[in-house]
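>>> task: produce atomic coordinates for the following.
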Amino acid sequence: MAELAPPSLVFDGTCPDCGERQQVLPLPIPGVEDDFDWKVRDYDSYRLFMMQELASRFPDRRRWTSADMEVVIVELLSAALDRASHAMDRVQAERYLDTARRPESVRRLLQMIGWQADAGVMERARAEYVGAEIPTDAEALERYWQRHPSAMEAARYEGPHQIAEQHRMVTLQDHADMMQRHPLCALAQARMVWSGAWHTILVSALLEDALPLDTPIHDGEDDADAPTLMRRELWDQVVAFHNARNLPIPPVTAALSGRTILRTMIEQYRMIGSEVFLEGARAAPITVSISIRAKSGYFRSELRQAVAAVFTSDQGGFFEPGRLGFGAPLYASDVIDATMQIEGVAVACLNLFRRTGRGQEDQSSEGIIIVEDDEYIQCLNDPRAPEHGTLRITVQGGETG
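Residues are numbered from 1 along each chain as shown. From the prediction side, this is the model:
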């Protein structure tokens, strides 16, 4: 690096004590001419530019052939630059979700925006390793996408749309909606109460299959992998739901209950500083008596079984807990309509239509049973627990048997 000349001190003569330090700086470095087109990206453009450069440097030479050593070198350089340019484009494309091609890049970009693979997709990805060592979920998903590119394209499309989905429980409706997304919760409703010092959010939850909220749903065996008082299909749905959202799954012990399972989701999605408690939903048990006249050629016993199958409280039945929401009344016309849809029923009428309990009046003439805003219709029709609602079916006509 060139050294600067020593500075000089110059006095203007007006004041013997006033001087000015002067330094002679070197001239600026002349700029280098650059006529290269930095947008050149392919073989033909590179070759054309270098051949033009050769022609300008050797103006006396008029003839260039493909056998000339200079031309061979130019073509080799052009091919190498073309490959390097393509590699740079591929690397640059992996930075963006819409242009990334490698499964690992797509997965990482989707995870940056909070996307999580669907439980069904992950199950199919793991199923392809039957009898072999199962890699991590990330590796399994990437290899699954390699074999099924359409699945990766679906995730690429659905990922950004999940950004707008609300997962945090903020409003009362958010609490109810998030709870009802859980496969264990059939119906939920939230309300806010004043505890004397702060507001508390109470979430009324009705579990699937009318499972108890606090009663243990397992017999306590240490080697069990699923609750004994819950359908295996329902438990598998709970496990898949928790895995898809990275929610912890409580251990299957004697202390396992519906509240324990649902609390894991509440703690994940509630607002910091908010107090959220679970409470059992209030049931409104009803007593219904239906009289049916069977058509000719239909056995009474078979028709009674068909009617009981329609008005069961099991999953998909008319009285499935949670099918009617909180505060939803029960209409007699809906009961009659569901009965008349059964093949073999000629006439149907209601003999008794009221809430269960002493002092409750028959609502057959009114045609409606009204419940409170925090209640739901219940009719389990369990002979061992008539207080949870009963259904009586009387069949006349038809064939004996």
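
>>> Gly297 falls within a strand, correct?
Yes. Membership of Gly297 in a strand is supported by DSSP: H, G, I helix; E, B strand; the rest coil.

>>> roughly how far does it sit from Ala306?
14 Å (CB to CB, to the nearest Å). Where C-beta positions appear, they are placed from N, C-alpha and C, glycine not excepted.

>>> so those two - more neighbours on which side?
Shown here are Gly297 and Ala306; by other CB atoms under 10 Å, Ala306 has more neighbours (18 against 8).

>>> now do the contacts for that one.
Listed by CB atoms under 8 Å, 6 or more residues apart in numbering, the contact set of Ala306 reads 342-344.

>>> how does it look with 10 Å?
Counting by CB atoms under 10 Å, 6 or more residues apart in numbering, Ala306 touches 292, 298, 339, 342-345, 393, 395.

>>> quick one: which of those is nearest Asp174?
Closest approach between those and Asp174, by CB to CB: Thr339, at 38.6 Å.

>>> now do the SS call for that closest one.
With three-state DSSP as the criterion, Thr339 reads helix.

>>> so where does the spatially closest residue to it that is not a sequence neighbour fall, helix or strand?
Distances taken as CB to CB, 6 or more residues apart in numbering place Ala348 nearest to Thr339, at 4.1 Å, with adjacent residues excluded. Assigned by DSSP states H and E, Ala348 belongs to strand 345-355.

>>> buried residues, that strand. List them.
Buried residues in strand 345-355, counted by 16 or more other CB atoms under 10 Å: 345, 348, 350, 353-355.

>>> gap between the closest residue in space to Ala332 that isn't next to it in sequence and Ile290?
Leaving aside its sequence neighbours, Ala332 sits nearest to Gly367 (CB to CB, 6+ apart; 4.1 Å). To Ile290, Gly367 is 14 Å away according to CB to CB.

>>> between those two, who's got more neighbours?
More crowded of Gly367 and Ile290, by other CB under 10 Å: Ile290, with 22 against 16.

>>> mind checking which helix or strand that one is in?
Ile290 belongs to strand 282-299, assigned by DSSP H and E.

>>> can you give the strand pairings for that strand, parallel or anti for each?
strand 345-355 (antiparallel), strand 375-378 (parallel), strand 390-399 (parallel) (DSSP bridges).

>>> what's the mean pLDDT across that strand?
Strand 282-299 shows a mean pLDDT of 92.

>>> and the next element down the chain from that strand?
Of the helices and strands lying after strand 282-299 in sequence (DSSP H and E), the nearest is helix 300-310.

>>> quick one: buried residues of that following helix?
Applying 16+ other CB under 10 Å to helix 300-310 flags 300, 303-304, 306-307 as buried.

>>> what does the residue lying closest to His167 once chain neighbours are set aside show for phi and psi?
Once flanking residues are discounted, His167 sits nearest to Tyr269: 6.0 Å by CB to CB, 6+ apart. Note on Tyr269: backbone dihedrals following degrees, to the nearest 10 are phi -110, psi -10.

>>> is it true that Tyr269 touches Arg263?
No. The pair Tyr269 and Arg263 fails to qualify as a contact (CB atoms under 10 Å) at a distance of 11.3 Å.

>>> need the residues touching each of these two.
With CB under 10 Å, 6+ apart, Tyr269 and Arg263 have common neighbours Val276.

>>> do you know how far the residue nearest to Thr339 is from Val310?
Separation of Ala348 from Val310 (CB to CB): 11 Å.

>>> and what of Pro251?
39 Å.

>>> Ala281 too?
Relative to Val310, and taking CB to CB, Ala281 is found at 24 Å.

>>> can you count the residues close to the residue nearest to His167?
20.

>>> how about Thr287?
There are 20 residues near Thr287, going by other CB under 10 Å.

>>> any idea how far it is from Arg384?
Thr287 sits 16 Å away from Arg384, going by CB to CB.

>>> just Ala87 next, same as before
74 Å.

>>> quick one, which of the two is more surrounded?
Comparing Ala87 with Arg384 by other CB under 10 Å, the one with more neighbours is Ala87, at 10 against 6.

>>> count the residues that sit near Gly201.
For the record, residue 201 is Ile, not Gly. Using other CB under 10 Å, the number of residues around Ile201 comes to 19.

>>> excluding chain neighbours, what is closest to it?
Nearest one to Ile201, counting by CB to CB, 6+ apart, is Val276 at 4.7 Å.

>>> I figured the one you found hits Ala205, correct?
No. Counting by CB under 10 Å, Val276 sits too far from Ala205 to count as a contact (11.2 Å).

>>> so what sits against both of these two?
Here Val276 and Ala205 share the contacting residues 179, 190, scored by CB under 10 Å, 6+ apart.

>>> which one's more surrounded, the two?
Taking other CB under 10 Å, Val276 and Ala205 do not tie; Ala205 has more neighbours (24 against 18).
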